[in-house]
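Peer 1: Need a 3D model of the sequence below.
(chains A and B)
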Amino acid sequence: MIKINAIGDVCPIPVIKVKNAMKELNNKGIIEITVDNEIAVQNLSKMANQKNFQIISEKINDKEYKVTINLSKEDVKCELIQDNNINNSVVVISSDKMGDGDEKLGKTLLKSFIFSLTKCDVLPSTIIFYNSGAFLTSTNSESLEDLKTLENLGVEITTCGTCINYYNLPEKPEVGSVSNMYFIAEKLLNSSNVIKP
Amino acid sequence: MKNQELKTIITFETTQQAMEVEDLVKENNIKARLIPVPSNISAGCGLALCSSISEQEKIELLIKKNEISGIKIYNIFY
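Peer 2: Numbers count the residues shown, from 1 in each chain, chains lettered A, B, ... in the order given. So this is what the prediction gives:
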């Protein structure tokens, strides 16, 4: 475990200090860092999330935030993400159809879109399914094979739990995880690039 | 790019035809799927039926039986 005091340090010094500590710890163990502003906490969170390390921050007072990064809680599969050209974009599938117009064409287009993602060189970090989009990760979806391929390539697949419940779909999607609106809102806010086909 | 296998790709004259054939293969339990036409076949924006080579004969027969004309068959790694 390494403790860092970054109070008074200007951006991006806290992040650099943590990066150095990560190297020193050989990406194992815990780093505890104290900073004096919210932006530093956010930057540390972003970096930890990118590297898939667990991060917990605690506001002690207006001028003191304690951030704990657990390097051992690393998702090995997600480490591969970096190698697989995953960028920060999030794809939102909010319907079981792509575009307005003929229903059958819309469903075919959406299937084609998801298939095309499997052939892209750069992949989104996350695909979020909500409203009737939830049908795509459920039993009988014709996109399951493609979505599993994407998941294996490191793309996070997640479906809105409220929607699963509303449409009476099986509780556990065939691919990916279930998430709530807080998670979805955060993912969308944290992404600089949200794609809605 | 990833996991390429030799596949049968069938292109159609219209999107409607492609979707019609997709229904036909489903009804006949043939493993095939619609995909956007691979760009090394055509720069167009159509849909194509993609299957393993082993299903090709069955699909061709089905297409002939249903009198769908104007198709093109390709074998490519995809």
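Peer 1: Around chain B, pick out the residues from chain A.
Peer 2: A:104-105, A:108, A:111-112, A:115-116, A:118-119, A:121, A:142, A:149, A:153 (Cβ under 8 Å from any Cβ of the partner chain). For the C-beta atoms, the positions are set from N, CA and C on the backbone; glycine is no exception.
Peer 1: Show me what the helix or strand of chain B with the lowest mean pLDDT is packed against.
Peer 2: Lowest mean confidence among the helices and strands of chain B (mean pLDDT, DSSP states H and E): strand B:72-77, at a mean of 90. The contact analysis (3 or more Cβ pairs under 8 Å, 6 or more residues apart in numbering or on different chains; DSSP states H and E) places strand B:72-77 against strand B:6-11, helix B:56-65.
Peer 1: Mind pulling up the pLDDT for the residue positioned nearest the centre of chain A?
Peer 2: Nearest to the mean C-alpha position of chain A, by Cα atoms, centre = their mean, lies A:T126 at 5.4 Å. For A:T126, the model assigns a pLDDT of 96.
Peer 1: I'd like to know how far it sits from chain B.
Peer 2: 19 Å (Cβ to the nearest Cβ, to the nearest Å).
Peer 1: and A:K3, how many residues sit next to it?
Peer 2: 11 (other Cβ atoms under 10 Å in any protein chain shown).
Peer 1: Give me the residue at the spatial middle of chain B.
Peer 2: Note: chain B centre (Cα atoms, centre = their mean) maps to B:L49, 2.2 Å.
Peer 1: And chain A, is the helix or strand hosting that one touching that?
Peer 2: According to DSSP states H and E, B:L49 maps onto strand B:47-52. Yes - on the criterion Cβ under 8 Å from any Cβ, strand B:47-52 is in touch with chain A at B:L47.
Peer 1: domains for chain A, by residue range?
Peer 2: Taking automatic domain parsing as the reference, chain A has its domains at A:2-74, A:80-195.
Peer 1: Show me what the biggest helix by length in chain A is packed against.
Peer 2: In terms of residue count, the longest helix belonging to chain A (DSSP state H) is helix A:103-118. Here helix A:103-118 touches strand A:90-93, helix A:144-152, helix B:15-27, strand B:32-36, going by 3+ Cβ pairs under 8 Å, 6+ apart.
Peer 1: change it to 6 Å
Peer 2: On a contact count with 3 or more Cβ pairs under 6 Å, 6 or more residues apart in numbering or on different chains; DSSP states H and E, helix A:103-118 meets helix A:144-152, strand B:32-36.
Peer 1: Please verify my assumption that B:V37 contacts B:G46.
Peer 2: Yes - contact status for B:V37 versus B:G46: in contact at 4.9 Å, counting by Cβ atoms under 6 Å.
Peer 1: Cheers, nothing more for now.
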